[in-house]
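J.: Predicted coordinates and the sequence they were generated for:
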Amino acid sequence: MKILVTGANGYIGQGVVKELLDSGSDVIAADLCLDNIDSRATKLNINIFSPNVSYVNLGSPEAVLHLAWRNGFVHNAASHIEDLPLHYSFIKKMIDGGVKQLAVMGTMHEIGFFEGSINENTPTNPQSLYGISKDALRKMTVLMCSQEKIIYQWIRAYYIVGNSEFGSSIFSKITKAEKEGEEEFPFTMGQNQWDFIDYGEFCKQIVAIVSQNKVNGIINACSGYPEKLGTRVQQFIVDNGYNIKLKYGAFPERPYDSKAVWGDNGKILQILKAF
């Protein structure tokens, strides 16, 4: 299958593109920078939000995996609201152009403050501009795809664990601090329990989702169980042989972060079993 991946040079995009290529897909990788994209992909240095961009000059893909998003870890950045119309217009162009399958990266932050297991029917009540924007785009995507009978997959991401220093997650920041010789890393008390998934497994789940069209709608890309943030971060430090220490209590917990939340992994397990 020919798949267009937007935001292909980003933290998630790099790993997903490689996994797609390894699985035999024909990948068109689009981004403003192409430095870290697998050389086997067809690379497009392009602003996908440009008025001149069309489905045809993006390669007329059979499927689109829309990962592109600015400031995903700056949850109240104004760009989330400012860019929302651009994401809507891009998705509409792909649908109007004739794409058969559309997958878009979502986030568990669409849900807002919640305790327990999240499934596709869990009500959304986002508490940040990031969550509000993603949730709005999800509703737009569902509406447009339903009207045109397009297969859509809204991939709801949880907490990704990886040791790349180029990401913006706490794990990337710890890796960067370790490489810079820092002895301590300022931290919360680490008591929140979240759904953590290793970067490699996350990328494999994304590829499994977009490589099929039988299980659709909202799909959690997750581990399916909660773990304390402090426990997972300490394990990450040990697994990577880092010397850095956590400075507990340096930061307060964010008020909109759930105390214990995880994804229902029923749909992703069904997909992986058949993949």
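T.: Done, it's in. Here the structure is a predicted model, which is why all the values come from computation and not from measurement. Residues are numbered from 1 along each chain as shown.
J.: Helices of the stretch 101-250 of the chain, start to end?
T.: 129-148, 170-179, 199-210, 229-239 (DSSP state H, counting those that start in this stretch).
J.: looking at those, which is buried most?
T.: helix 199-210 (a mean of 22; mean count of other CB atoms under 10 Å). C-beta coordinates here come from the backbone N, C-alpha and C atoms, glycine included.
J.: before we move on, the earlier item: what's the closest of the helices of the stretch 101-250 of the chain to residue 13?
T.: Proximity to residue 13, assessed across the helices of the stretch 101-250 of the chain by CB to CB, is greatest for helix 199-210 (9.5 Å).
J.: Run the chain-centre distance for the closest one.
T.: Put simply, helix 199-210 sits 10 Å off its chain's centre (CA atoms, centre = their mean, to the nearest Å).
J.: contact partners of it?
T.: Contacts to helix 199-210, defined as CB atoms under 8 Å, 6 or more residues apart in numbering, come from residues 3, 12, 15-16, 18-20, 23, 25, 63, 65, 101, 103, 153, 155, 157, 160-164, 197, 215, 219, 221, 223, 268, 271-272, 275.
J.: So which of those residues belong to strands?
T.: Of those, the ones assigned to strands by DSSP state E are 3, 63, 65, 101, 103, 153, 155, 157, 160-161, 197, 219, 221.
J.: Which pair of those residues spans the longest distance?
T.: Among those, 101 and 161 lie farthest apart (CB to CB), at 28.3 Å.
J.: Break this structure down into its domains, please.
T.: 2-159+195-223+263-274, 162-193+226-247 (automatic domain parsing).
J.: Go through the ones you listed and pick out the most buried.
T.: domain 2-159+195-223+263-274 (a mean of 19).
J.: Can you tell me which of the domains of the chain has the worst average pLDDT?
T.: With a mean of 92, domain 162-193+226-247 has the lowest mean pLDDT of the domains of the chain.
J.: ends of it, how far apart?
T.: 20 Å (CA to CA, to the nearest Å).
J.: how distant is it from the center of its chain?
T.: The answer for domain 162-193+226-247 is 20 Å, by CA atoms, centre = their mean.
J.: same question, stretch 252-266
T.: That offset, for stretch 252-266, works out to 16 Å (CA atoms, centre = their mean).
J.: Which residues outside that stretch are in contact with it?
T.: Contacts with stretch 252-266, where a contact means CB under 8 Å, 6+ apart, come from 108, 111-120, 127-128, 156, 158, 188-189, 191-195, 220-226.
J.: Residue 133 versus the nearest residue to residue 234 once chain neighbours are set aside, what's the distance?
T.: Spatially, and ignoring its direct neighbours in sequence, residue 234 is nearest to residue 246 (7.0 Å; CB to CB, 6 or more residues apart in numbering). Separation of residue 246 from residue 133 (CB to CB, to the nearest Å): 31 Å.
J.: if I pick residue 91, what's in contact with it?
T.: So residue 91 contacts 66, 102, 104, 137, 140, 141, 144 (CB under 8 Å, 6+ apart).
J.: Verify the stated contact: the fourth one with residue 85.
T.: No: judged on CB atoms under 8 Å, residue 137 makes no contact with residue 85 at a distance of 10.0 Å.
J.: separation between residue 25 and residue 121?
T.: 31 Å.
J.: before we move on, back to that, tabulate the helices of the stretch 101-250 of the chain in TSV, adding columns for distance to residue 56.
T.: Converted to TSV, the helices of the stretch 101-250 of the chain look like this (distance: least, CB to CB, whole Å):
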stretch	distance to residue 56
helix 129-148	18
helix 170-179	36
helix 199-210	21
helix 229-239	44
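J.: and residue 37, which of those helices is closest to it?
T.: helix 199-210 (13.7 Å).
J.: pull the CA atoms of the closest one into PDB?
T.: Output in PDB follows, covering the C-alpha atoms of helix 199-210 (Å, rounded to 0.1, in the frame of the first residue of the first chain):
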ATOM      1  CA  TYR A 199       8.700   3.700  21.500                       C
ATOM      2  CA  GLY A 200       9.400   0.600  19.300                       C
ATOM      3  CA  GLU A 201       6.200  -1.100  20.300                       C
ATOM      4  CA  PHE A 202       4.300   2.100  19.800                       C
ATOM      5  CA  CYS A 203       5.600   2.400  16.200                       C
ATOM      6  CA  LYS A 204       4.700  -1.200  15.500                       C
ATOM      7  CA  GLN A 205       1.200  -0.600  16.800                       C
ATOM      8  CA  ILE A 206       0.800   2.400  14.500                       C
ATOM      9  CA  VAL A 207       1.900   0.400  11.500                       C
ATOM     10  CA  ALA A 208      -0.400  -2.500  12.300                       C
ATOM     11  CA  ILE A 209      -3.300  -0.100  12.600                       C
ATOM     12  CA  VAL A 210      -2.800   1.600   9.200                       C
END
